[in-house]
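Visitor: build me a structure from this.
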Amino acid sequence: QVQLVESGGRLVQAGGSLRLSCAASGRTFSNYAMGWFRQFPGKEREFVAAINWIGRTTLYADSVKGRFAISRDNAKNTVYLQMNSLKPEDTAVYFCAASRNWPLDSRYKTDYWGQGTQVTVSA
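Guide: Here you go, the predicted structure:
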């Protein structure tokens with residue numbers, strides 16, 4: 001089992017920045033690809049960004065490319081999502097994900113989920 005705990009979500013103005021963190025515990029963190037997904041009300045959870053086991057390969061959804069950056073610190077068992085130039089349409093619950101699969105670009109490839117953290121971007 002892998003336990004994931006997100007933090008960092010809050011209310012922010014459009015154009016602002018936010019950094020989400022996800023702390024992992026349980027199995028060996030570096031054995032898992034890590035990702036971020038988000039969910040809008042009434043919608044399916046969608047892919048945002050992913051990073052491979054050693055952090056050398058990253059993937060992004062087109063909607064966040066150039067604005068968001070995913071990174072990981074295997075010594076701290078933590079993955080981050082730096083979000084810049086935030087827009088109101090980025091408002092969602094953001095979920096951390098862990099998987100033995102790569103690329104981690106679909107919710108169906110996820111093995112473990114965090115509980116989610118709310119990000120709200122005001123206009």
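Visitor: and the pLDDT at the residue nearest the centre of the chain?
Guide: For the chain, the residue sitting closest to the mean C-alpha position, by CA atoms, centre = their mean, is W36 at 2.2 Å. We have a pLDDT of 98 for W36.
Visitor: cool, Q1 as well?
Guide: Here the pLDDT value assigned to Q1 is 86.
Visitor: which residues does it contact?
Guide: By CB atoms under 8 Å, 6 or more residues apart in numbering, the residues touching Q1 are G26, R27, Y112. Where C-beta positions appear, they are placed from N, C-alpha and C, glycine not excepted.
Visitor: so V12 bridges to which residues?
Guide: Partner residues in beta bridges with V12, using DSSP bridges, are V121.
Visitor: that one against Q118, yeah?
Guide: No - judged on CB atoms under 8 Å, V12 makes no contact with Q118 at a distance of 11.1 Å.
Visitor: more neighbours, these two?
Guide: Applying other CB atoms under 10 Å to V12 and Q118 shows that V12 carries more neighbours, namely 17 against 12.
Visitor: apart from its neighbours in sequence, what residue is nearest S7?
Guide: The shortest distance from S7 to any non-neighbouring residue, by CB to CB, 6 or more residues apart in numbering, is to S21 (5.1 Å).
Visitor: surely that neighbour forms part of a strand?
Guide: Yes - judged by DSSP: H, G, I helix; E, B strand; the rest coil, S21 forms part of a strand.
Visitor: number of nearby residues for it?
Guide: Residues contacting S21 under the criterion other CB under 10 Å number 17.
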